[in-house]
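# Fold the following.
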Amino acid sequence: MLEFVANDYESLETTNYKKTNINQEEIPQYLESMSKAFYDTILPSVKLGGKTELPFKTPLGIDVNGYAVWLEGTIDYVDDDGVVWDWKTAKRSYSQSSKQKSAIQPTVYTYAVSEQLGLEPKFNYGVMIRQLDPKAQIVPIYRGAEHWNWLKHHVRGAVTMALRTGVDNQWITNDESALCSESWCSFWSVCKGAFNCHNVE
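Residues are numbered from 1 along each chain as shown. Predicted coordinates for the structure are as follows:
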C-alpha cells in the first residue's frame, strides 16, 4: 500500500495541482503516516466488498415555488449493510460532539443512501490526522428521520431566499470558511479579494 501511495504522489507531482501551506518536503512522510494509520486503525472496521465513490442523485422530497429540490454528490464508501464512510485528513482530531450537533454531510449522505439504496444507514468519519506519528480515529455520527426533516426545512429556507434574491441582486456572502481564500476559491478576486483582504496562510 505504501508503495502505491508513493507512486501516486510521484505522478501527482508531475501535474499542476494546487498546493497548500503544508511543508511540501514533509508531505511524503505525512502520506506514509496517514496510510499506516488508515490501515491499522480504520480499515479493520470497514466491511469490504461495498460501493466505492458512489454517486447519488435523489429528490429531497420538497418543492419550492414549483421547483423540485434534489441532492447530488459522491459518497466515498458504502458497505452492503448501509454503513457510510467518509474519509478525512485533518490537522487535529475531530470532536464527535461537534460533528454530531452540526455536520450536514452525514445528514445528506445518510438520506441519499436511505432513499437510493433502501438501506437503514449508519455514518462514520474515518479521520487520518496529519502528523508524523500515525494517528487515526473513527467518528460515528447518528442521523435519522428527525435530521432529514430538519435538512428539508433548512434547504427550503435557503432555496426560497435564493429564488427571491435572484441573479441581479447581491447575495449574502460568507467568509468564515477555511476555503474562502485565494488558494481555494476561483471567485476570490471578485469577492473578498477585491477589497485587498489577502489571507495570511
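
# Describe which strands the lengthiest strand in the chain pairs with in its sheet and in which direction.
Longest strand of the chain, by residue count under DSSP state E: strand 51-64. Its sheet considered, strand 51-64 pairs with strand 67-78 (antiparallel) by DSSP bridges.

# And the most centrally placed residue in the chain, how far from Lys99?
Nearest residue to the geometric centre of the chain (CA atoms, centre = their mean): Gln105, 6.4 Å. Per CB to CB, to the nearest Å, Gln105 is found 9 Å from Lys99. To be clear about C-beta, it is placed using only N, CA and C from the backbone, and glycine gets the same treatment.

# State the helix or strand in which the residue with the largest distance to the centre of the chain lies.
Distance from the centre of the chain peaks at Asp168, with 30.3 Å (CA atoms, centre = their mean). In this structure, Asp168 is located outside every helix and strand according to DSSP states H and E.

# so Tyr125 bridges to which residues?
Asp86, Val139.

# other SSEs contacting the biggest helix by length in the chain?
As assigned by DSSP state H, the longest helix anywhere in the chain is helix 145-165. When contacts are defined as 3 or more CB pairs under 8 Å, 6 or more residues apart in numbering; DSSP states H and E, helix 145-165 packs onto strand 51-64, strand 67-78, helix 105-117.

# Mean neighbour count, the ones you listed: which tops it?
helix 105-117 (a mean of 21; mean count of other CB atoms under 10 Å).
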